[in-house]
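1. Pasting a predicted model and its sequence here:
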Amino acid sequence: MSRATQKQGFSAHGGMRDIPRGAVPLQKQQEQAQGPARKSRAGVLMVVLVLCMAVLVTQNREQINAYVNKPIRVVKMANELQRANEGHIRAALAAHLNAGFFALDVRAIKEQLEADPWIEKAVITRIWPDTLSVGITEELAIARWGDQHLLNQYGESFAPELQSDDFTLPLLRGPEGMERKVMEQYQVFSQMLSDTGLRVREIALSDRGSWTLRMENDLQVSIGRNDVMERMERFVTFYSRHLFAQLEEIEAVDLRYSNGISIRNKTVMPAGVASK
C-alpha cells in the first residue's frame, strides 16, 4: 500500500484517520443544506398563521369589538365629595358611558365636570373592561367676594350657588382683578389683630385704593390708602391701651390722620380726636 493510500485510509477504531485539508464531513453538509429549507418552512407557517388570524378577526369583528370595547357599566368615585353634587356628576357622565371603553371621550367628560363651579380639577381613569374612576378636587372657599362669588385659597373667584354656610365666611370687596391682593391684605390685617381679639368680618378696597374694615362686633375701621401698615400698628397699640374697655360704645374708628385717631361713638356725641 502506498503512502498516499495510507493517509486516506481508516483507523482500526473506525472513521477517517486523516481528512484532507478543506474537506467538510457529509453530515455537516447535509445540515447546512437543510438550514435554509427549515427557515423557509417556518416563514411559510408564520404567514399562514397570520392569514388565519386575519380571517378569524374579520369574520368575528363585531363579536370581538363588543367584547373588548364594552360600554362603561361601573362608575367609581375616587374620593368623597363635600360641596360638589354627586348626582349632577353622574348625570353628566351618563351621556358618555354607552360610547364604549376605548371610544369614551375622556377629555370631553373632564371639561364638562370642571365647568361645575365647585370642581377645581377632575381626573378620569378608564379601568378595563367596563369601569370608570372619577377623582374630583373641589374648590376650597375661604371668603366671599362681593355678593355672588367666593374666593379659593389662591385668591381666585368662582360663582357657585351660595348656601347658608357660605354667608359665615368673611366678605371681601374690591375692583375686578384685585381679588388676590384683597385676600392677602385680609390675611395680614387678621394676623395683626390676632392678639386684640378683634376679628375682621368685612374688608373693602375702593377704586381709589382706600381700605376699610368691619369687625365681627360691627366696629368700622377706616384706614385710607397711605401708610396702611403704620396706621394699623397705631390702631392695634391704641386699642390695646385704651379702646378695649369701651369697645361696646364705639361705632367707628378713623385712622386717616397723620398724628391721631378719630373715634365715633354709637350715641350722638361730638367726634373726639385721640392723640397718637
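-> That came through, no problem. Numbers count the residues shown, from 1 in each chain.
2. CA atoms for contacts and neighbours, from now on please.
-> Will do.
3. Could you measure from residue 101 over to residue 129?
-> Using Cα to Cα, to the nearest Å, one gets 7 Å for the distance from residue 101 to residue 129.
4. When these two are compared, which one has more neighbours?
-> More neighbours surround residue 101 than the other of residue 101 and residue 129, with 22 against 17 (other Cα atoms under 10 Å).
5. Okay, and the beta partners of the closest residue to residue 214 other than its chain neighbours?
-> Nearest non-adjacent residue to residue 214, counting by Cα to Cα, 6 or more residues apart in numbering: residue 220, 4.4 Å away. Counting by DSSP bridges, residue 220 forms beta bridges with residue 214, residue 252.
6. Was I right to think residue 220 contacts residue 212?
-> Yes: counting by Cα atoms under 8 Å, residue 220 touches residue 212, with 7.3 Å between them.
7. can you pull out the strands in the stretch 101-250 of the chain?
-> Taking DSSP state E, counting those that start in this stretch to define them, one finds strands in the stretch 101-250 of the chain at 119-127, 131-138, 143-145, 149-151, 157-158, 171-173, 200-205, 211-215, 220-224, 250-254.
8. now the first one: mean pLDDT?
-> Per-residue pLDDT over strand 119-127 has a mean of 95.
9. which residues touch that strand?
-> With contacts defined as Cα atoms under 8 Å, 6 or more residues apart in numbering, strand 119-127 is touched by 84, 101, 106, 109-110, 113-114, 132-139.
10. In its sheet, which strands sit next to that strand, and in what direction?
-> strand 131-138 (antiparallel).
11. From the rest of the structure, what touches the strand it pairs with?
-> 72-79, 81-84, 118-127.
12. Buried only: go through the residues you listed for me.
-> Using 16 or more other Cα atoms under 10 Å as the burial test, these include 72, 75, 84, 118-124, 126 as buried.
13. closest to residue 154 among those residues?
-> In terms of Cα to Cα, no member of the buried ones among the contacts of strand 131-138 lies closer to residue 154 than residue 120, at 11.5 Å.
14. Next, find the distance separating that closest one from residue 113.
-> From residue 120 to residue 113 the distance is 9 Å (Cα to Cα).
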